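Let's see this in three dimensions:
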Amino acid sequence: MNVQDHAVVVGISKYGSLKPALEGPERDAKAFADWLESPQGGAVPPSNVTRVLSSKFDQHDANRGNDAFLFEPTLSSMTAAFARLMALTARNSSKVPRVGRRLYIYLSGHGITPRVDPVTSTNQSALLPANSMEDVNLDGVSGHAYAEWFRLSHAFAEIVMFMDCCRTDRPDVAPPPITAPIVQGGRPDDVLVFYGWATRWDTRAWEQVLGTPPSKRGVFTFALMEALTTGQTDAQGRLTPQGIVGHVNIRVPQLRQNDVRQLPQFFPPNPDGRIVIASRATAPPEPNTTITFAPPLFGQQFDLQDGSTFATLLSRTASAAPWALALNPGTYVITRAGGRDTPLIVRPGGTVKEHLDD
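Numbers count the residues shown, from 1 in each chain. Prediction:
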């Protein structure tokens, strides 16, 4: 088990007054927390995983009547788990990292983007508590703000955050401040981060019926869980942010293809492989991409580039033998000097056959 890892997982499906009604957030949060605690997943000790779920407050809600302001979890319930880790960070100020190896943050439910300024930026999307009321009480929890507090305080060596909620722009709502001072003396630039949002700024995140048995799920989290559990790993069986970004960026639009679009956002947008999300014993990956060459191209060099960064990944001299590749889901480009570029899209579970001619 990864005993130095910690996680805060929040899923809110029951709101007092906010519409529409949601079914997916708690189900998605449970799925993510279960993956975290699984030895085949995050391998985080259950005692290090704090779950803040609507169902934990059902008994309280039975006495709430029709008073939306009494619904739970409230903002204080949501931030308590962060406050405990912040206090531990302050107590351990003499060492770095001050708490552990990795912090996971997962937030799902109704969300907004509070007022944006040059400091907070558009990443300050906020998950709203269950007692939120339109135009009255829209104080929420910014996963990014808390993740950055722990980074700047060098509480962990790595921070992984996912937010599955809408990011509707609300310039009339001020982001609630984090009042705890940054713990100084660390090396925040050494902290590795991977942040993911279900959708872009000022757009909605969607839930729909997915999976077997069919149930309402957040589209982003459904695709994320696919990547975490069955997504393609590298040759060493390591699942890194590269594999997650490649899978989710293709899978979410695919799931929404007949409805309103949803485009996830990640930071960094083109991550490297330094964060290993999970390791799985794996057989050598089967080739899923086959490139063949017309005879006039024999002897010429072709490069396979990342479709986002255009960094050269592999090179091959064209011949009669097919170029068989095992590629993670994502976009790629085949290039050659003086020739046209050929784009490739590798979809999750799919195969690609591309014939290059003169």
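
hey, let's count contacts and neighbours off CA atoms from now on
Will do.

Quick one: low-confidence residue ranges for this structure.
Across the chain, the ranges flagged by pLDDT under 70 are 59-65, 117-122, 281-284.

can you pull out the helices in it?
Under the criterion DSSP state H, the chain contains helices at 24-37, 58-61, 75-91, 143-152, 219-230, 241-255.

In a markdown table: the ones you listed, plus mean neighbour count and distance to L103.
Output for those, formatted as a markdown table (neighbours: other C-alpha atoms under 10 Å; distance: least, C-alpha to C-alpha, whole Å):
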| stretch | mean neighbour count | distance to L103 |
| --- | --- | --- |
| helix 24-37 | 22 | 11 |
| helix 58-61 | 14 | 28 |
| helix 75-91 | 17 | 10 |
| helix 143-152 | 22 | 8 |
| helix 219-230 | 22 | 16 |
| helix 241-255 | 23 | 15 |
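
Ends of stretch 150-161, what's the gap?
12 Å (C-alpha to C-alpha, to the nearest Å).

correction: stretch 36-50
11 Å.

can you give me how far it is from the chain middle?
17 Å (C-alpha atoms, centre = their mean, to the nearest Å).

thinking again about what came up before, got TSV for the helices of the chain, with distance to G330 too?
Putting the helices of the chain into TSV (distance: least, C-alpha to C-alpha, whole Å) gives the following:
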stretch	distance to G330
helix 24-37	23
helix 58-61	42
helix 75-91	34
helix 143-152	25
helix 219-230	12
helix 241-255	4
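
Between these, which one is closest to L192.
helix 143-152 (8.4 Å; C-alpha to C-alpha).

Tell me where the stretch 201-350 of the chain has strands.
207-210, 215-218, 238-239, 265-267, 278-279, 289-293, 301-306, 312-317, 323-325, 330-335, 342-346 (DSSP state E, counting those that start in this stretch).

The third one pairs with which strands?
Pointing back at strand 238-239 there. Using DSSP bridges, the strands paired with strand 238-239 are strand 278-279 (antiparallel).

and the strands of the stretch 201-350 of the chain as JSON lines, adding mean neighbour count?
Formatted as JSON lines, the strands of the stretch 201-350 of the chain follow (neighbours: other C-alpha atoms under 10 Å):
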{"stretch": "strand 207-210", "mean neighbour count": "16"}
{"stretch": "strand 215-218", "mean neighbour count": "20"}
{"stretch": "strand 238-239", "mean neighbour count": "22"}
{"stretch": "strand 265-267", "mean neighbour count": "18"}
{"stretch": "strand 278-279", "mean neighbour count": "17"}
{"stretch": "strand 289-293", "mean neighbour count": "18"}
{"stretch": "strand 301-306", "mean neighbour count": "18"}
{"stretch": "strand 312-317", "mean neighbour count": "13"}
{"stretch": "strand 323-325", "mean neighbour count": "15"}
{"stretch": "strand 330-335", "mean neighbour count": "20"}
{"stretch": "strand 342-346", "mean neighbour count": "17"}
